[in-house]
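*Asks:* Sequence and predicted structure below; questions after.
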Amino acid sequence: MMRADVEPLALHFAADGAIPNHPHLPVLHYRAVLEDCADRAAAFERAFAAHDWPAQWRDGIYPYHHYHAGAHEAFGIAAGTAEVLLGGPHGQALTLAAGDVLVLPAGTGHCRLSASADFLAVGAYPRGAEADMQDEQSLDLDRLRVLILAVPIPASDPVGGAQGYLPRLWSSPGTGPRRIS
């Protein structure tokens, strides 16, 4: 079971060249929310699914700058460690370790800089989301920025569910993203 009481580190990123990042929503980094267990990847898959973030894959993180314009993304670090550059080429490096969860709002650039040989991440998206892949070669950034802003805010946090930090930290008064339930 994940520790829903762990407060995430919230990181904001401005646009960085061809990487738009999300103009309003922060990246959430939860440290050590899932303790060591026999199959940490399966434990992440079960926990994410219980919070309406069904897991889509088990793998590493691509070693080039990319983002998803049509979906938010969560990574559960099942094994090993990795250094990931968030926000684009001029962003911030972050070390991820087994048991961590990283939640990226739509548009957030990410790129693996290095990883241990045993590194394994479980990737999840809010139920019904389509994870389109974009990179620094993607054209029509204006259209992609509109798409990023239209991605609904999930009603549930992949770590803490409906009572978790994401619904509070990603709430948006006025004309911000709409919430899905």
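*Replies:* Yes, it's here. Numbering: from 1, shown residues only.
*Asks:* Could I get the full set of strands for this protein?
*Replies:* 9-11, 27-30, 55-59, 66-67, 73-79, 81-86, 92-97, 101-104, 110-115, 120-124, 134-135 (DSSP state E).
*Asks:* Sort out which residues of the first one are buried, please.
*Replies:* Read that as strand 9-11. Leu11 (16 or more other C-beta atoms under 10 Å). C-beta: built from backbone N, CA, C; applies to glycine.
*Asks:* So, low pLDDT: which residues of this structure?
*Replies:* Applying pLDDT under 70 to the chain flags the ranges 172-181.
*Asks:* again, 50 this time
*Replies:* 173-181 (pLDDT under 50).
*Asks:* picking up where we left off before, would you tell me which one of the strands of the chain is buried the most?
*Replies:* strand 101-104 (a mean of 28; mean count of other C-beta atoms under 10 Å).
*Asks:* ok so, going back, columns distance to Leu149 on top of the strands of the chain, output as JSON lines?
*Replies:* As requested, the strands of the chain are arranged in JSON lines below (distance: least, C-beta to C-beta, whole Å):
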{"stretch": "strand 9-11", "distance to Leu149": "19"}
{"stretch": "strand 27-30", "distance to Leu149": "16"}
{"stretch": "strand 55-59", "distance to Leu149": "23"}
{"stretch": "strand 66-67", "distance to Leu149": "14"}
{"stretch": "strand 73-79", "distance to Leu149": "16"}
{"stretch": "strand 81-86", "distance to Leu149": "19"}
{"stretch": "strand 92-97", "distance to Leu149": "22"}
{"stretch": "strand 101-104", "distance to Leu149": "15"}
{"stretch": "strand 110-115", "distance to Leu149": "19"}
{"stretch": "strand 120-124", "distance to Leu149": "22"}
{"stretch": "strand 134-135", "distance to Leu149": "15"}
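*Asks:* Of the ones you listed, which is nearest Leu169?
*Replies:* strand 9-11 (5.8 Å; C-beta to C-beta).
*Asks:* which outside residues touch the closest one?
*Replies:* Under the criterion C-beta atoms under 8 Å, 6 or more residues apart in numbering, residues 26-29, 31, 86-87, 92, 94, 169 lie in contact with strand 9-11.
*Asks:* same question, stretch 87-94
*Replies:* Contact with stretch 87-94 is made by 11, 13-19, 21, 27, 29, 65, 83-86, 102, 108-109, 113, as judged by C-beta under 8 Å, 6+ apart.
*Asks:* related to what we said a few turns ago, report the two of the contacts of strand 9-11 separated the most.
*Replies:* Greatest spatial distance among these (C-beta to C-beta): Arg31 and Gly87, at 18.7 Å.
*Asks:* Same drill for those two, tell me which one is more crowded.
*Replies:* Gly87 (25 against 17; other C-beta atoms under 10 Å).
*Asks:* No more questions from me, cheers.
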